[in-house]
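Chemist: Fold the following, please.
(2 chains)
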Amino acid sequence: MAYRILIVDDEHELQNMVKEILTQAGYETDAALACAQALERFQAGNPDAVLLDVNLPDGDGFSLFGQLRESRDVPVLFLSARDEDEDRLRGLGLGADDYITKPFLPQELLLRLRSVLRRVYREEPDAARLGDAKIDWGKGIVRRNGVETALTAKEFTLLKKLWEARGNIVTIDALCETLWDGPLVGYENTLMVHIRRLREKIEEDPSHPKYLLTVRGLGYRLVREGMR
Amino acid sequence: MSLRSLLKGAVLVTASAALIAGITIAGILAFVFYHSDGGRSWDVSVSRVSSTLTWDGTDYEFSGEDLLEDGRWAILISEDGQVIWSFRKPADVPEQYSLTDVASFTRWYLRDYPVQCRVRDDGLLVVGSPKGSVWKHDISTASQLLHDAPMWIGGIFLLALGCVLLLAYFVVRRWFRQAQKVRDAARSDWINGVSHDIRTPLSMVMGYAAQMEGAADLPLERRKQAGIIRAQSQAIRDLVNDLNLTMRLDCAMQALRKESLQLEAFLRQIAADFLNGGLGDGFDLEMDLPEEPLPKIQADPFLLRRAVNNLLTNCVRHNAPGCSICLGARAEGKSVVLFVEGGAAAGIPAAADPTRQLESDGGAAHGTGLKLVSQIAAAHGGEARFYGGDVFRCELRLPAAS
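Modeler: Here you go, the predicted structure:
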């Protein structure tokens, strides 16, 4: 099911561009040019997320945000030309899920929107495939060449974190934070052990990994399909 | 603040102080002169009163009634303390005086009547005024004071002059600050307004260019051109952001939100984001961090990230793909040195590399990006050092958290 996104922006042309970006990415869209219209579309359209500009002709996005949240707890991302710390902190302080400043790249908008939706609606990733290895997130197992191997809790968390950011480098600090809720100090070697064991389960040749790559000095990267 | 402006302000304030002092002194003198019966002062009249009292061999003859106004009186006391002549003498003024009485009233009051005395051949002439009409006081001081007076007066004058000049300095400084504040606010509003207005159209240029760059149905050449438009729009966006922030730091309008940062994790995250964002495509980004943990620093993560990103972007923009960029940090005494080093580009002659022309202060001639790095370092109580030579290198020296 495609998510429905309400775009509230007084710039008609920008609104059209955002609509186009979201539609191409498989989202359904709805749009409003002002606060009153936004409230009406919010009630009628029942969107899954709102992209909200701060400067609107009949009010400001911060107040509208409060009104929207009063009626339904829906993820809201501010999309504003106001880039000062005060505005950003005010928006996030109110409880917005993200604050994106204009100008933005389409890819950046899509990634941040997807990240918010995944977090809010707790999307479970589908069964993932890494070459011959197929990961079943529901059961926490890896199937390769007909052999099923169970993932430990740490390996599962590690793989999920890397899968969610697949294609991107995840730093060793971020991985330790995920696994142990703490900084890297003291955990680096343990992390390497977990990575090695994970490679043994997902890679054909763990000594020459094809999917779970080390980025020297920084962290690890899970290769996105079609990318190396 | 220039010396000339300071001098001008000092002269203005000193002149004002001198004017106030002059008017005050003149006012006090006029007041004293008027209230001391100007010319009709009792100091003067007592001798004149005495001259109008004469002995004709049998009796005293007094012709100075006009000199004594209503309520004033006079008596003549003989050598043995007896009143031998009187004029309008109040009933409560005695007829006989002892030596101690005389010693007391010559200095102070006679039965609360302020009196003046004049020694005559035939006794002491006492001229009295109504009770409560005159305040008498006695002044006595060491003779040394008179000798020291020039030094004291000079000293007090210099002290007063110093105070006035100090006052002038503060007043002028305040004027300047206020004027500067007004100018800064106007500049800030203007840049803020322009950068705000440019963001929405730039969103569309950047957004559509990025879409065209990825459109499979466009010829490769067109997609490349769209990529250039996208990259240049990003450069404009960075410039607008830098301009805004540099102005805010210049005008001390950017509040620092300091946090305790572990540099290793912080730098790794910046490097990962830089690479994940595709900004370092084709470049070899290396980390150079010591084995021992670095001391923590207190810094605004947003600003420091901006400074490091600017340095990385600078290396990428002024070097060709293939070149290696090094991001690292080391502890040095009570400071932490964070550095970015961008190697010479492969196949690009050294002279063509603009970073080689860097001034040691990373001056504005090379854009706002590096100036901003210096400003951010300074705002954290540190400094940025830029090195040209064969390899571009920038070091941010920041104080370690205590």
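
Chemist: any idea how far A:Y27 is from chain B?
Modeler: Look at A:Y27 and chain B: by CB to the nearest CB, to the nearest Å, they are 15 Å apart. C-beta here means a position set from N, CA and C on the backbone, and glycine is covered the same way.

Chemist: Which stretches in chain A count as strands?
Modeler: Here chain A has its strands, by DSSP state E, at A:4-8, A:28-32, A:49-52, A:55-56, A:59-60, A:76-80, A:98-101, A:128-130, A:133-136, A:141-144, A:147-150, A:169-171, A:212-215, A:219-222.

Chemist: And chain B, by the same measure?
Modeler: For chain B, applying DSSP E gives strands covering B:53-55, B:60-62, B:73-77, B:83-87, B:109-110, B:113-120, B:123-128, B:259-261, B:284-288, B:297-299, B:324-332, B:335-342, B:383-387, B:392-399.

Chemist: that older thread, go through the strands of chain A and name the closest to B:E61.
Modeler: Closest of those to B:E61 is strand A:59-60, at 102.5 Å (criterion: CB to CB).

Chemist: Could you tell me how many residues sit around B:A10?
Modeler: 18 (other CB atoms under 10 Å in any protein chain shown).

Chemist: okay, and the helix or strand of chain A with the least pLDDT?
Modeler: When the helices and strands of chain A are scored by mean pLDDT, DSSP states H and E, strand A:128-130 comes last with a mean of 82.

Chemist: For chain A, which of the strands of chain B is the nearest?
Modeler: strand B:284-288 (3.5 Å; CB to the nearest CB).

Chemist: The closest one - which strands sit beside it in the sheet, and in what orientation?
Modeler: strand B:324-332 (parallel) (DSSP bridges).

Chemist: roughly how far apart are B:Q232 and B:A209?
Modeler: From B:Q232 across to B:A209, the span is 9 Å (CB to CB, to the nearest Å).

Chemist: Tell me which of the two has more neighbours.
Modeler: Neighbour totals were compared for B:Q232 and B:A209, and B:A209 leads with 22 against 13 (other CB under 10 Å).

Chemist: Let me know whether that one touches B:K224 as I believe.
Modeler: No: under the contact definition of CB atoms under 8 Å, B:A209 does not touch B:K224, with a separation of 11.3 Å.

Chemist: thinking again about what came up before, ranked by average pLDDT, which of the strands of chain A falls at the bottom?
Modeler: Lowest mean pLDDT within the strands of chain A: strand A:128-130, a mean of 82.

Chemist: quick one: contacts of that strand?
Modeler: Under the criterion CB atoms under 8 Å, 6 or more residues apart in numbering or on different chains, residues A:134-135, A:137, A:163, A:202, A:211, A:222-223, A:225 lie in contact with strand A:128-130.

Chemist: for stretch B:176-195, same thing?
Modeler: Contacts of stretch B:176-195 (CB under 8 Å, 6+ apart): A:83-84, B:1, B:5, B:240-241, B:243-244, B:247-248, B:250-251, B:253.

Chemist: ok so, going back, dump the strands of chain A into a markdown table; add mean neighbour count and distance to B:V127 as well.
Modeler: Converted to a markdown table, the strands of chain A look like this (neighbours: other CB atoms under 10 Å in any protein chain shown; distance: least, CB to CB, whole Å):
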| stretch | mean neighbour count | distance to B:V127 |
| --- | --- | --- |
| strand A:4-8 | 24 | 99 |
| strand A:28-32 | 19 | 101 |
| strand A:49-52 | 26 | 96 |
| strand A:55-56 | 18 | 90 |
| strand A:59-60 | 14 | 87 |
| strand A:76-80 | 25 | 92 |
| strand A:98-101 | 19 | 93 |
| strand A:128-130 | 17 | 121 |
| strand A:133-136 | 18 | 123 |
| strand A:141-144 | 18 | 126 |
| strand A:147-150 | 11 | 125 |
| strand A:169-171 | 23 | 104 |
| strand A:212-215 | 17 | 111 |
| strand A:219-222 | 23 | 108 |
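
Chemist: For B:K296, which of the ones you listed is the nearest?
Modeler: strand A:169-171 (17.5 Å).

Chemist: Give me the distance between the closest one and the centre of its chain.
Modeler: 15 Å (CA atoms, centre = their mean, to the nearest Å).

Chemist: Show me what it packs onto, helices and strands only.
Modeler: Packed against strand A:169-171 by the contact rule (3 or more CB pairs under 8 Å, 6 or more residues apart in numbering or on different chains; DSSP states H and E) you find strand A:219-222, helix B:263-276.

Chemist: tell me the most buried of the ones you listed?
Modeler: Here the criterion is mean neighbour count by mean count of other CB atoms under 10 Å in any protein chain shown, and of the helices and strands packed on strand A:169-171 the winner is strand A:219-222, at a mean of 23.

Chemist: For the least confident helix or strand in chain B by mean pLDDT, which outside residues touch it?
Modeler: Using mean pLDDT, DSSP H and E, helix B:42-51 stands out as the lowest-scoring helix or strand of chain B, at a mean of 76. For helix B:42-51, contacts defined as CB under 8 Å, 6+ apart pick out B:64, B:67-68, B:74, B:116-118, B:120, B:125, B:127, B:129, B:134.

Chemist: Please, a PyMOL command that selects the buried ones among those residues?
Modeler: The following PyMOL line selects those of the contacts of helix B:42-51 that are buried, judged by 16 or more other CB atoms under 10 Å in any protein chain shown:
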select buried, chain B and resi 64+67+68+74+116+117+118+125+127+129+134
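
Chemist: Tell me where the model's unsure across the chain.
Modeler: Defaulting to chain A. Chain A contains residues with pLDDT under 70 at A:1, A:124-126, A:182-186, A:225-228.

Chemist: my bad, the chain I had in mind was chain B
Modeler: For chain B, the ranges with pLDDT under 70 are B:1-2, B:6, B:35-44, B:343-367.

Chemist: Need the outlier residue of it, farthest from its centre.
Modeler: B:T58 (81.7 Å; CA atoms, centre = their mean).

Chemist: Spit out the contact partners of that residue.
Modeler: Contacts of B:T58 (CB under 8 Å, 6+ apart): none.

Chemist: try A:V193
Modeler: With contacts defined as CB under 8 Å, 6+ apart, A:V193 has no neighbours.

Chemist: Contact partners for the residue nearest to B:L161 when sequence neighbours are not counted?
Modeler: Nearest residue to B:L161, sequence neighbours excluded (CB to CB, 6 or more residues apart in numbering or on different chains): B:T14, at 7.6 Å. Contact partners of B:T14, counting by CB under 8 Å, 6+ apart, are B:161, B:164-165, B:168.

Chemist: What's the local residue count around B:I198?
Modeler: B:I198 - counted by other CB under 10 Å - has 17 other residues nearby.

Chemist: ok, now which ones touch it?
Modeler: Per CB under 8 Å, 6+ apart, neighbours of B:I198: B:236, B:240.

Chemist: again, only this time at 6 Å
Modeler: B:V240 (CB atoms under 6 Å, 6 or more residues apart in numbering or on different chains).

Chemist: what about it, distance to B:V102?
Modeler: Distance from B:I198 to B:V102, by CB to CB: 98 Å.

Chemist: what's around B:D66, how many residues?
Modeler: 7.

Chemist: swap that for A:G45, please
Modeler: Neighbour tally, A:G45, other CB under 10 Å: 16.

Chemist: Chain neighbours aside, what residue packs nearest to it?
Modeler: Here the residue nearest A:G45, using CB to CB, 6+ apart, is A:D30, at 4.5 Å.

Chemist: what bridges to that neighbour?
Modeler: Bridge pairing for A:D30 - DSSP bridges - gives A:L6.

Chemist: Give the burial count for residue 223, as a bare number.
Modeler: Just going to use chain A. With other CB under 10 Å as criterion, A:V223 counts 17.

Chemist: actually it's chain B I care about, not the one you picked
Modeler: By the measure other CB under 10 Å, the count of residues near B:R223 is 15.

Chemist: Could you do B:L166 as well?
Modeler: B:L166 has 12 nearby residues by other CB under 10 Å.

Chemist: By residue count, which helix of chain B is the longest?
Modeler: The residue-count maximum for a helix in chain B (DSSP state H) belongs to helix B:143-213.

Chemist: What angle do strand A:76-80 and it make with each other?
Modeler: Interaxial angle of helix B:143-213 relative to strand A:76-80 (axes from the mean of the first three to the mean of the last three CA atoms, to 10 degrees): 110 degrees.
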